[in-house]
Structure formats: C-alpha cells, structure tokens
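*Asks:* Sequence first, predicted coordinates after that:
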Amino acid sequence: MKKIGLAAAVLLAMTGAHAYQFEVKGQSEYLNTTANDKNYTGDLQGTYYFKNVDASKGPLAEAAFLNKASNVSVGYSYEQYNEKNWVNYHLGTYGVKGETYFTTPYTASIPLYASASYNHTDVDGKNAISRDDHGDRYALEVGAMPTNNFLLAVGYTNVANQFSLDTFRILNKGFVNAVGETASINDKQDAITARTKYVGAIDGTNMSIGFDAGLVFGDATSYEFNTDLYLTPKLSVGASFAGTTASEAVFDKLWGANVNYFITPAISVGATYTNANSSHTTGYNLDTQTIGLNAKARF
C-alpha cells in the first residue's frame, strides 16, 4: 500500500499538480560562430520555495513571480569553447542565489523585494595559448512592487574578474547574453543595475503579457528588453533584444526568440534562438548564433 501511495503521489505531481515547492531546470545550447569549432553548453538549476507556489492562476511559467514566492536557487553551467588550431577553453560556473518578498509596517500595501547572489567561474585552458583563470562575482538587489505584479529593482554587482559569469543569467537568458553583460562591465568591476518586470492578463481573453527590461552601468552601459505573450497559461512565445554602448564590444547587439510549453502543470519544454553581432576587432568574426533546448520539472 505504501508503494501504491507513493506512485500515486508521483503521478499526481507529474500530471495535474497546481502547487509546487521545488523546481529543477536543465538546458543545453549549441553555439556557432565563424571562428569556433561548434560548441555546446550544459546547465542545471534547482530552486526551493519556502512556501507552496500556487500555479492555478495566470501563466504557469510565471507562477513564482505572481505568488511573490521567496526562494533559494543553486545552479551550474558548463561550456566548451575552442577554435580550430587556436584557443581551447573549458568553463565551469556555479552560483547560489536567494530572493525574498516581504512587507513592513510602513509599507504594508507595497511588497518589497531583495536578492543576493554569489557566482564563481573556473576557466581551464586546454593548450599552451589558453591560460587558466578564475573569478568571483557578488550581487545585491532591492526593489518594490508599487502595483500588482510590477517590480522595480536596483542593485550593485561586483565582478572582480571578467571571466566570472552570472550562472543564473546563463540559465535564464543564455550564454552569449551573460558573456556580453560581463564584457560590458569590463574593467569597471563595480556595476550598478536597474530592472523592471511586469506580468498581467489581457482583458477579455485567456492570454497574458509579460516583459522585463534592465540596465547595467559598468565600464559601458548594457541594456536589454524581453517580452513574452502567453497565448494560454501553458503556451508562450517571446522575443528579446540586448545591446551595449561600448564602442568595441564582444557582442554589441543581440536578438532572440523563444517558445515554451507546459505539457502538464508540472513539466515544461522550451526552445530558444539568439543571433549576436560583434564589433570586436580581433581579426576574426565573433558573430554568433545559438539554439537552445530546455526542460523544467516541478514537484
């Protein structure tokens, strides 16, 4: 009977559950530039929510945000980048991040937000011209929700070494986006960030719209805008754009598209595409295209 009960619980979690406390995400991206030798990434993230997340209302993809669900996440990202008869790197990045939503007696009607994260990247050079490196980065962020489902936040990021990437940016926005962001900070090391996020229903329909936009003020200023149209609570399509004010950037313009579908309320699959243009004068073409696949499980 215990085995039957356990099997029934697992089946319910995988098919019809509308509340969850854990989420696991995995993804892989195919990277293709003119210079490289066709590379792949592998990324994994686990998130624990301190209270059950109600996924019965609104887009399933944004259930945690709509619930203002405080959480802690750990992530790991692995990339290989090599060029024929030239550089050969293996990169491992890991991070931990905590987010909390809360109120105070003075802001009872306006939820507040805070987050903190730490990331570390190890770069393993695989030949004589590819040197080993490593670096840490720390980030703090505070914000508020002046209206329902609308977040405004500002933060501080310290990137002591440009080989240190943001694990969670890789997992949410792709490897190329993360490389462009840290390259835009460059030798400044200390950066100020600002972002906004909104998710809301489209009146008279079963659809919703969401967007987020961000700025990073480092050695140069990087900016981005992402929007998603939730055709149903299960299905969404999205587009993204990012750029930098740097006169000579690793990636100065990025365009992207994505699609995401929840097979059940607990399982989703998705695909992403990114096209990045480079103005970096290194003697070879760094223009990049990526194709990514991802999946999530909630329980």
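*Replies:* Cool, the structure landed.

*Asks:* contacts, neighbours, all on C-alpha from now
*Replies:* OK.

*Asks:* so the nearest residue to Phe299 once chain neighbours are set aside is in which element?
*Replies:* Spatial nearest neighbour of Phe299, excluding adjacent residues (Cα to Cα, 6 or more residues apart in numbering): Tyr20 at 4.9 Å. Counting by DSSP states H and E, the element that carries Tyr20 is strand 19-33.

*Asks:* just Asn294 next, same as before
*Replies:* strand 288-298.

*Asks:* wait, what's in contact with the residue nearest to Phe299?
*Replies:* 52-55, 298-299 (Cα atoms under 8 Å, 6 or more residues apart in numbering).

*Asks:* can you give me the helices in the chain?
*Replies:* Using DSSP state H, the helices found in the chain span residues 2-15, 63-66, 167-173, 175-185.

*Asks:* mean pLDDT lowest for which of these?
*Replies:* Among the helices of the chain, helix 2-15 carries the lowest mean pLDDT, at a mean of 45.

*Asks:* residues in contact with the residue lying closest to Lys296 once chain neighbours are set aside?
*Replies:* Spatial nearest neighbour of Lys296, chain neighbours left out: Lys25 (4.4 Å); criterion: Cα to Cα, 6+ apart. Neighbouring residues of Lys25 by Cα under 8 Å, 6+ apart: 44-46, 294-297.

*Asks:* Those: which two are farthest apart?
*Replies:* Gly46 and Asn294 (13.5 Å; Cα to Cα).

*Asks:* now the strands: where do they sit in the stretch 51-200 of the chain?
*Replies:* With DSSP state E, counting those that start in this stretch as the definition, the stretch 51-200 of the chain shows strands at residue ranges 71-82, 88-102, 112-125, 133-147, 150-159, 190-201.

*Asks:* Please dump the ones you listed into JSON lines; it should also carry mean neighbour count, mean pLDDT and distance to Met207 for every row.
*Replies:* Output for these, formatted as JSON lines (neighbours: other Cα atoms under 10 Å; pLDDT from 0 to 100; distance: least, Cα to Cα, whole Å):
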{"stretch": "strand 71-82", "mean neighbour count": "20", "mean pLDDT": "93", "distance to Met207": "27"}
{"stretch": "strand 88-102", "mean neighbour count": "20", "mean pLDDT": "93", "distance to Met207": "26"}
{"stretch": "strand 112-125", "mean neighbour count": "20", "mean pLDDT": "94", "distance to Met207": "26"}
{"stretch": "strand 133-147", "mean neighbour count": "18", "mean pLDDT": "94", "distance to Met207": "20"}
{"stretch": "strand 150-159", "mean neighbour count": "20", "mean pLDDT": "97", "distance to Met207": "17"}
{"stretch": "strand 190-201", "mean neighbour count": "19", "mean pLDDT": "97", "distance to Met207": "6"}
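
*Asks:* Run a quick check on Lys51 versus Gln21, I expect a contact.
*Replies:* Yes. Under the criterion of Cα atoms under 8 Å, Lys51 makes contact with Gln21 at 6.4 Å.

*Asks:* Many thanks, we can stop here.
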